[in-house]
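Enquirer: A predicted structure for the sequence below; I have some questions about it.
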Amino acid sequence: MSSLQLMALLMYGAFLLSAVKHIDFTHFARNKQQQHLIFGTAACLFVLWLFKAGIFEGLDVHFLGLSVLTLMLGFRNAIIASFIALLGANVTGYGTWENFGVNGLLGTILPIGTTYLFYMLSFHRIPRQLFVYIFVCAFFPAALSIALKTLSLGAFYYIEGTYTWDIVFDNYILLIPLLVFPEALLNGMAITLLVIYQPTWVYTFHDKFYLDN
């Protein structure tokens, strides 16, 4: 394991430990809905991430679905659910165990953090409306998240010396324009359906903020 891989693993572990530390396990054991949401979303992510495409190991593309996950569960629970999904995906061959921390940090924490940052800024700085929530909190962060994830992972493989820049750019970075809109559309449509039919499943959505006004 290289120094970059070890550093990423330690940083990812710190985020995960912080998220687990703030869980009220007594409340969690009694709250069946929260259990179903966390494990259900983790299972959905696990299946979604298995549908990937790529020529070179690690330079795979797939939908993330992490923006809608963050809005549904909140920052900490999203980290936990994505960890469960990543762990299961790695067992089935999603990636190498040496890069587990890298995939966790750049592939989950970065998109989750980006989405939650957009949500917090929009909640405090922009008038709260349903369309603002859908587009500013889900659609645009999803597009930015997959672009940042692809750029950062590509840069990691180049810095590590795993692949040359030509391979990284031609087989990974170049695909960003093809990924951003489908990812944004998937998350935007998913959060729209959720706030309409199952708003109680969405932790960051409240009628009094986005509808009653």
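Expert: On my side now, so go ahead.
Enquirer: okay, now the closest residue to residue 22 other than its chain neighbours: neighbour count?
Expert: Setting aside the residues directly before and after it, residue 22 is nearest to residue 76 in space (CB to CB, 6 or more residues apart in numbering), at 5.6 Å. Where C-beta positions appear, they are placed from N, C-alpha and C, glycine not excepted. By the measure other CB atoms under 10 Å, the count of residues near residue 76 is 18.
Enquirer: Please identify the helix or strand for residue 76.
Expert: Using DSSP states H and E, residue 76 sits in helix 75-91.
Enquirer: any idea how far that helix is from the chain center?
Expert: The chain centre lies 9 Å from the centre of helix 75-91; the measure is CA atoms, centre = their mean, to the nearest Å.
Enquirer: Helices of the protein, start to end?
Expert: Ranges of helices within the chain are 3-21, 25-30, 32-50, 66-73, 75-91, 100-104, 110-125, 130-134, 140-160, 165-171, 176-197, 207-210, based on DSSP state H.
Enquirer: deepest of the ones you listed, which one?
Expert: helix 66-73 (a mean of 28; mean count of other CB atoms under 10 Å).
Enquirer: How about residues contacting it?
Expert: Under the criterion CB atoms under 8 Å, 6 or more residues apart in numbering, residues 37-38, 41, 45, 78, 81-82, 108, 111-112, 115-116, 119, 137-138, 141-142, 145, 186-187, 190-191, 194, 201-205 lie in contact with helix 66-73.
Enquirer: State the mean pLDDT of that helix.
Expert: Regarding helix 66-73, the rounded mean pLDDT is 95.
Enquirer: ok, now stretch 78-88?
Expert: In the prediction, stretch 78-88 has an average pLDDT of 95.
Enquirer: now do stretch 206-213
Expert: The pLDDT scores in stretch 206-213 average 75.
Enquirer: Grab the most central residue of this structure for me.
Expert: The residue lying closest to the centre of the chain (CA atoms, centre = their mean) is residue 66, at 2.8 Å.
Enquirer: do you know how far that residue is from residue 44?
Expert: Separation of residue 66 from residue 44 (CB to CB, to the nearest Å) stands at 11 Å.
Enquirer: got it, and residue 94?
Expert: Remark: distance between residue 94 and residue 44 (CB to CB) = 15 Å.
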